[in-house]
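Engineer: following is a predicted model, sequence given first.
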Amino acid sequence: MVLTPREPGAAITGYHAHVYYDARTRPVAEQLRAAIAERFEVELGRWHDRPIGPHPSASYQIAFRPELFGSLVPWLAVNRQGLTVFVHPETGDAQADHSAHVIWLGGSQKLSLAALG
């Protein structure tokens, strides 16, 4: 198989990071969220204390601009305190963004891609 690299360019309009937690780790997720809000210009989504959409766990979303990727994702990698963080680009193709284009910080989980339509 020959690899034909694609340049993401304008195809990526933003990123989402989803912080997964459960009842036991919610306080850790709260601390992480507060630290993110202090350090980065992001849009923090609502708390979902149960699985929603394709996500198999309780979570909240962090929406951020492509320019923040190089600082936010490495920061999350070393500050996630054992939580799993699912990161994906926003390209307009929800199926691919949640399957082929994913980055997991911590253990990966099986998403319910059928929920994306």
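Structural biologist: Yep, that arrived.
Engineer: now do the strands in this structure.
Structural biologist: Applying DSSP state E to the chain gives strands spanning 14-21, 43-44, 58-64, 84-90, 103-105.
Engineer: what's the closest of the ones you listed to Ala37?
Structural biologist: Nearest to Ala37, of all the strands of the chain, is strand 43-44, at 6.3 Å by Cβ to Cβ. C-betas here are computed from N, CA, C, even on glycine.
Engineer: tell me what that closest one is packed against?
Structural biologist: Judged by 3 or more Cβ pairs under 8 Å, 6 or more residues apart in numbering; DSSP states H and E, strand 43-44 is in contact with helix 26-39, strand 58-64.
Engineer: burial of the closest residue in space to Gly45 that isn't next to it in sequence, as a residue count?
Structural biologist: Counting by Cβ to Cβ, 6 or more residues apart in numbering, Gly45 lies nearest to Gln61, which is 3.4 Å off, once chain neighbours are set aside. For Gln61, the neighbour count with other Cβ atoms under 10 Å is 20.
Engineer: surely Gln61 and Ala17 touch.
Structural biologist: Yes - look at Gln61 against Ala17 with Cβ atoms under 8 Å: they come within range, at 7.2 Å.
Engineer: mind putting the strands of the chain in a markdown table, distance to Gly117 included?
Structural biologist: Shown next, in a markdown table, are the strands of the chain (distance: least, Cβ to Cβ, whole Å):
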| stretch | distance to Gly117 |
| --- | --- |
| strand 14-21 | 17 |
| strand 43-44 | 23 |
| strand 58-64 | 18 |
| strand 84-90 | 16 |
| strand 103-105 | 23 |
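Engineer: select, out of those, the one closest to Val78.
Structural biologist: Closest to Val78 of the strands of the chain, according to Cβ to Cβ: strand 103-105, at 9.4 Å.
Engineer: which strands and helices sit next to the closest one?
Structural biologist: The helices and strands touching strand 103-105, judged by 3+ Cβ pairs under 8 Å, 6+ apart, are helix 69-79, strand 84-90.
Engineer: dump the ones you listed into JSON lines; add mean neighbour count, mean pLDDT and distance to Gly106 as well.
Structural biologist: Shown next, in JSON lines, are these (neighbours: other Cβ atoms under 10 Å; pLDDT from 0 to 100; distance: least, Cβ to Cβ, whole Å):
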{"stretch": "helix 69-79", "mean neighbour count": "14", "mean pLDDT": "97", "distance to Gly106": "9"}
{"stretch": "strand 84-90", "mean neighbour count": "20", "mean pLDDT": "96", "distance to Gly106": "4"}
